[in-house]
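*Asks:* Structure, please.
(3 chains)
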Amino acid sequence: MTARISRRSGFSRDSSPRRSRLKPLLHVTLLALLAFAGHAFAATGAIEPLPFKDHAQEVRFQNLTKQLRCMVCQNENLADSNADLARDLRLEVFQLMQQGKSDDQIKQYLVDRYSDFVLYKPPLKPGTWLLWFGPLAILLAGGAVVVVAIRRRNRDDGAIDDDKPADGRRAGNEPADTGDDW
Amino acid sequence: MKRFVPLIVFMALVGLFGFGIWWNTWHDARYVPSPLINKPAPDFALPKLDAPEQTVTKASLLGKPYLLNVFGSWCVACAEEHPVLMSDGHQLGIALVGYDYKDAPDDARRWLRDRGNPYDLVIADQPGRTAIDFGVYGAPESFLVDAKGVIRYKHIGPLTSEVIAQELQPAIDAVKRETP
Amino acid sequence: MTPELGQLALVLAFLLAIAQGVLPLLGAWRGNRALMAVARPAAAGQAVFVAMAFGILAWAFLHFDFSVQYVADNSNLALPWYYRIAAVWGAHEGSLLLWILILNLWTVALAALSHRLPEAFAARVIGVMGLIAIGFLAFILFTSDPFGRLLPMPADGADLNPVLQDPGMTFHPPVLYMGYVGFSVAFAFSIAALLGGEVEQAWVRWARPWTNAAWGFLTLGIVAGSWWAYAELGWGGWWFWDPVENASFMPWLVGAALIHAQAITEKRGGLRAWTLLLSIFAFSLSLLGTFLVRSGVLTSVHAFASDPRRGIFILIFLTIVVGGSLLLYALRAPKVAGGKPFNVVSRETALLIGNLLLATASAMVLLGTLFPLIGDALHLGRISVGPPYFGLLFPLLMAPVVALLPFGPFLHWGKADGGVLKQVMLRAGIAAVACAIVAAFFVQGQLKAIVGVASAVWIAVGVLLYALKRWREMPRGRRYPAEMAGMLLAHLGVGVFVVGVLLSESLSVTHDVRLTPGQSESVAGYDFRFDGVHRTVGPNWHADQGVVTVLRDGATVATMHPQKRTYSHEQVQTESAVDAGVFRDLYVALGEPMDANDIEGAWALRLYYKPFVRWIWGGGLLMMLGGFVCAGDRRFRIKRIAAEAALPVAAASPQESPA
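*Replies:* As a prediction, this is how the structure comes out:
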């Protein structure tokens, strides 16, 4: 059991009374060894009824908190995390909403305190150009290759329905094309 | 040459993964640098742990640098850090302000009574609202605040003798040089 | 004593893997038939010893042998037997053993079904499988021994992570590994082809059914994982773009591209280099997934306990296997683009575009998954890349695929008939628009839902039009060869999946409520009546179990029992209650009592109404079925290959390949 803890010592630094349920084994061992009493960690999803003005606001809240990362259990979003801090932050988001703050203002409020790390969608800036434009660059480069390939194979249009071997090998070696439309 | 592109891309990935393994042996994956470094500390008004009727504000602490140490009696790593604060805390040369985070005051008082109190002053944030302004996401965390009320350095996780010698003390020295 | 036998079995398997990996390849190189003949017996022997090791570990679990560290860490006396079996692959060491066992299953199947392949080629393929096995057996022997002892033996063990104590989780890893490891066959085929030179052009045809089957398994594994996350995590989500999910999704995307690229290479001779490269990519990404999950390089929900030593080992292994293959590719891949010419409007072009998009999507997922690491390396600060990123870019890349899908089967090889395409576009387009207009009335103008319906109808009508055309034009018995039926099923699956995703995403209702017993809450026309909470017990847990009666227009629709379980080691775990339906799921998760001391009072509950969510997995299952049906096509069964058949079988007679 001790071996288990030292192996995962990176997680032994505890940060909140309620922790992720996804590392329960570790927590149990910690509980047992360190007599960490008084705070049973709950493992239920973050379920808390908040007094929303209307359903639209509830939906907006759900969408917003899903795009924010929990700082404590870093693999959970703010909506699903059961960490104490996540609870506090949800309440904070709720209150900011009641004050009429927009989604962007609420995100900025959290970024000011916790850095861009809280955003599951990294903002576009020089450091994230690779992330945002990388796929486009790959698509364009690949697209160029595909266009060249199509044009090259297409150059001799007349040969298409011809049975002429394409790469100079014996016709008998040609891959099968049964002539069926399939 | 074109046929070597996949290999080259893959070798870059291998480099990245090698870096990842190296990086993760030295860094806690949960360490997120604070955006508040070199920014004014947020305004706060919190009660003293021992005398809840007295309020401590940011303004009342201006003029001298101090180390704000976030802890809680529920926090396992804080108990790890505590002996270091007891032995080294008073040699830092600045005031040590305890920030009791999301804790029942009685638990915190008992914790400090049993283990010893390294702090010059302890403020209590039971609801944890002010801690959000500080960007606290775990405990222990330590903020070095200079005389003008600007956060100059933050350490996340337990302070150890090495961290104090290599990072905190130089930061404190720099801050003290500015304040005559 | 028995666990030591397990270890011994692994050592013997390792030695046999070396024999299997080295001798046949040498034999094929030198033309030595005796050395080539080592391949099959060595593979069989290795499989026997690995199965023995696996059996011994399972036996240790069944018999509570807590003197084995791995058993003590992952099971206890209260754990029911079926979860003790599942616990064999519940953590790093055992799941690695499962990985190796499955690799051996594939190898044995390959050895058994490859008797008609040219001798040297079969020896090379089995040899490459042996090389892979060497790496993994070394990994388990040197860094991750599942049979390590724990002395003195504890009276009871810890527990299997309760999150894993779910039927979905017992099922998910083996099937997923079947998919991951299955790509090793296509990989071995292409490496063998590269080693052997261009003569064995026919390797593509032999590799196709294996690729299709592996992809089918991977699809099923992902579907099972998604279903498990939905039912077990209590968040009502079915996909989180978590690094580990992405790790399984990347080989899936590349596998889908590979299946289509293989079609071009086999039937038209083109795209040979690309097909080779994709086979290498598909398996490399499977290995990469293993690396990411077990090295601790990325933080993830499901990651195993990380250990830099293991990370370094897998990285070295990855470098050798993938780097070596890509080097081989760079040196030996066919330099001239072969294949028959084709027109701009042709099936080749469509498949190329599809390949481009699938490969780009896979690269995008890789980039997004690794970008936090790149951010650390380049000191850009800590960065999170999550669902909003992938959820924005992935649909953009897949939209053209959906748009092209109905045309696929209508497009002829070489040169397609534009008139037919226009007809398809017109019919499917009209149907899609008409259904979208009708749907708009039902979905309160939700654009996402309307797009979902339109795309699904577009695809489905395209598939049906083609099925109809075959029905009319072809004689009985030749209408739907397995390969084509599989394709139609898989394409239909895409449509079902798309409508499931878009409808459930846009029309789902989630509502957190506080209810006292007897109180009701209405969600999407269903009245959820909370009938209180009582205690209940299971084999190794006790639980607070809520009773929620769902009524519609006064009639009871379902009685649901969401639980909050406490396992034997005080781990708490929610068990959501799901009332499944074809058109909607009702989903209830139990939160906490409003007053912790009064479980008979008010509770926090989360109520979900999820329309069409089941179609997501239904679509996935159709795709899986498509993969398996394709793999079963008679055309792929190697009929006759003469001994001199270093020559391709490609010139197959029409009788042999009706499709």
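
*Asks:* for the nearest residue to A:Pro122 once chain neighbours are set aside, helix, strand, or coil?
*Replies:* With CB to CB, 6 or more residues apart in numbering or on different chains as the criterion, A:Pro122 has its nearest non-adjacent residue at 4.8 Å, and that residue is A:Thr128. C-beta coordinates here come from the backbone N, C-alpha and C atoms, glycine included. Three-state assignment for A:Thr128 (DSSP: H, G, I helix; E, B strand; the rest coil): helix.

*Asks:* Report the contact partners of residue 111.
*Replies:* All of this refers to chain A. Counting by CB atoms under 8 Å, 6 or more residues apart in numbering or on different chains, A:Val111 makes contact with A:Val118, A:Leu119, B:Pro35.

*Asks:* nope, chain C
*Replies:* Applying CB under 8 Å, 6+ apart, we find C:Ala111 in contact with C:Ala39, C:Arg40, C:Ala43, C:Ala44, C:Ile126.

*Asks:* doesn't it fall inside a strand?
*Replies:* No: read with three-state DSSP, C:Ala111 is helix and lies in no strand.

*Asks:* Quick check: the gap between it and C:Gly45.
*Replies:* Using CB to CB, to the nearest Å, one gets 11 Å for the distance from C:Ala111 to C:Gly45.

*Asks:* Domain-wise, how is chain A divided?
*Replies:* Per automatic domain parsing, the structural domains of chain A span A:7-121, A:125-153.

*Asks:* With chain B instead?
*Replies:* Domain assignment for chain B, taken from automatic domain parsing, gives B:1-30, B:32-178.

*Asks:* Of the ones you listed, flag the one that's most buried.
*Replies:* Comparing those by mean neighbour count (mean count of other CB atoms under 10 Å in any protein chain shown), domain B:32-178 comes out on top with a mean of 18.

*Asks:* quick one: it to chain centroid distance?
*Replies:* Taking the mean of its C-alpha atoms, domain B:32-178 sits 6 Å from the chain's own mean (CA atoms, centre = their mean, to the nearest Å).

*Asks:* Any idea how far apart the tips of it sit?
*Replies:* Using CA to CA, to the nearest Å, one end of domain B:32-178 lies 28 Å from the other.

*Asks:* That domain and chain C, any residue contact?
*Replies:* Yes: shown here: domain B:32-178 in contact with chain C (CB under 8 Å from any CB of the partner chain) through B:Val32, B:Pro33.

*Asks:* That domain and chain A, any residue contact?
*Replies:* Yes: contact of domain B:32-178 with chain A (CB under 8 Å from any CB) involves B:32-36, B:72, B:74-77, B:79, B:102, B:107, B:127-129, B:132-139, B:157-158.

*Asks:* nearest spatial neighbour of C:Trp615, skipping sequence neighbours?
*Replies:* Going by CB to CB, 6+ apart, C:Trp615 has C:Gly500 as its nearest residue, at 2.9 Å.

*Asks:* just to revisit the earlier point, the domains of chain A: lowest mean pLDDT?
*Replies:* Between those, the one with the least mean pLDDT is domain A:7-121; it has a mean of 70.

*Asks:* related to what we said a few turns ago, tell me what the helix or strand containing the residue nearest to C:Trp615 is packed against?
*Replies:* Taking DSSP states H and E as the criterion, the element that holds C:Gly500 is helix C:482-507. For helix C:482-507, the packing partners by 3 or more CB pairs under 8 Å, 6 or more residues apart in numbering or on different chains; DSSP states H and E come out as helix C:447-473, strand C:603-611, helix C:613-631.

*Asks:* one step back: ok, of the contacts of C:Ala111, which one's closest to chain A?
*Replies:* Minimum separation from chain A among these (CB to the nearest CB) is found for C:Ile126, which lies at 25.0 Å.

*Asks:* That closest one: neighbouring residues, count only.
*Replies:* By other CB atoms under 10 Å in any protein chain shown, the residues close to C:Ile126 number 28.

*Asks:* now do the one 4 residues further on
*Replies:* Taking other CB under 10 Å as the neighbour definition, C:Gly130 ends up with a count of 27.

*Asks:* Please spell out which residues along stretch C:146-154 are buried.
*Replies:* Buried residues in stretch C:146-154, defined by neighbour count with 16 or more other CB atoms under 10 Å in any protein chain shown: C:Pro146, C:Phe147, C:Leu150.

*Asks:* Oh, that last question was meant for stretch C:622-631, not what I typed.
*Replies:* Within stretch C:622-631, the residues that qualify as buried by neighbour count (16+ other CB under 10 Å) are C:Leu622, C:Met623, C:Met624, C:Leu625, C:Gly626, C:Gly627, C:Phe628, C:Val629, C:Cys630, C:Ala631.

*Asks:* Skipping its backbone neighbours, what lies nearest the second one in space?
*Replies:* This means C:Met623. On the basis of CB to CB, 6+ apart, the spatially nearest residue to C:Met623 that is not a chain neighbour turns out to be C:Gly493, at 3.8 Å.

*Asks:* now swap in the third one and tell me
*Replies:* By the measure of CB to CB, 6+ apart, the closest residue to C:Met624 outside its immediate chain neighbours is C:Thr219, 4.1 Å from it.

*Asks:* what does the average pLDDT come to for the helix or strand containing the one you found?
*Replies:* For C:Thr219, the element it lies in under DSSP H and E is helix C:203-232. The average pLDDT within helix C:203-232 is 91.

*Asks:* again, but for stretch B:80-87
*Replies:* Computed over stretch B:80-87, the average pLDDT equals 93.

*Asks:* Which residues outside it are in contact with it?
*Replies:* Counting by CB under 8 Å, 6+ apart, the neighbours of stretch B:80-87 from elsewhere in the structure are B:69, B:71, B:96, B:115-116, B:118-119, B:140, B:158-161, B:164.

*Asks:* and the gap between the closest residue to chain A within the stretch 501-650 of chain C and A:Asn75?
*Replies:* In the stretch 501-650 of chain C, the residue that lies nearest chain A is C:Gly591 (3.0 Å; CB to the nearest CB). Here the criterion is CB to CB. By it, C:Gly591 lies 21 Å from A:Asn75.

*Asks:* which element is B:Leu96 on?
*Replies:* Assigning secondary structure by DSSP H and E places B:Leu96 in strand B:95-101.

*Asks:* Run me through the strand neighbours of that strand, direction for each.
*Replies:* Under the criterion DSSP bridges, strand B:95-101 sits next to strand B:66-71 (parallel), strand B:121-125 (parallel) in its sheet.

*Asks:* Can I get these in a markdown table including mean pLDDT?
*Replies:* A markdown table is the format used below for these (pLDDT from 0 to 100):
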| stretch | mean pLDDT |
| --- | --- |
| strand B:66-71 | 95 |
| strand B:121-125 | 94 |
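
*Asks:* okay, those in a markdown table with distance to A:Met71 next?
*Replies:* Shown next, in a markdown table, are these (distance: least, CB to CB, whole Å):
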| stretch | distance to A:Met71 |
| --- | --- |
| strand B:66-71 | 14 |
| strand B:121-125 | 17 |
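
*Asks:* So for B:Tyr31, what's the nearest residue that isn't a sequence neighbour?
*Replies:* Leaving aside its sequence neighbours, B:Tyr31 sits nearest to B:Ile156 (CB to CB, 6+ apart; 5.4 Å).

*Asks:* actually C:Ile312, not the one I wrote
*Replies:* The spatially closest residue to C:Ile312, leaving aside those adjacent along the chain, is B:Ile21, at 6.0 Å (CB to CB, 6+ apart).

*Asks:* Tell me the confidence at C:Ala651?
*Replies:* The confidence metric pLDDT takes the value 37 at C:Ala651.

*Asks:* which of the residues in stretch C:100-120 are buried?
*Replies:* Along stretch C:100-120, these residues count as buried under the neighbour rule (16+ other CB under 10 Å): C:100-108, C:110-111, C:114, C:117-120.

*Asks:* Nothing else from me, thank you.
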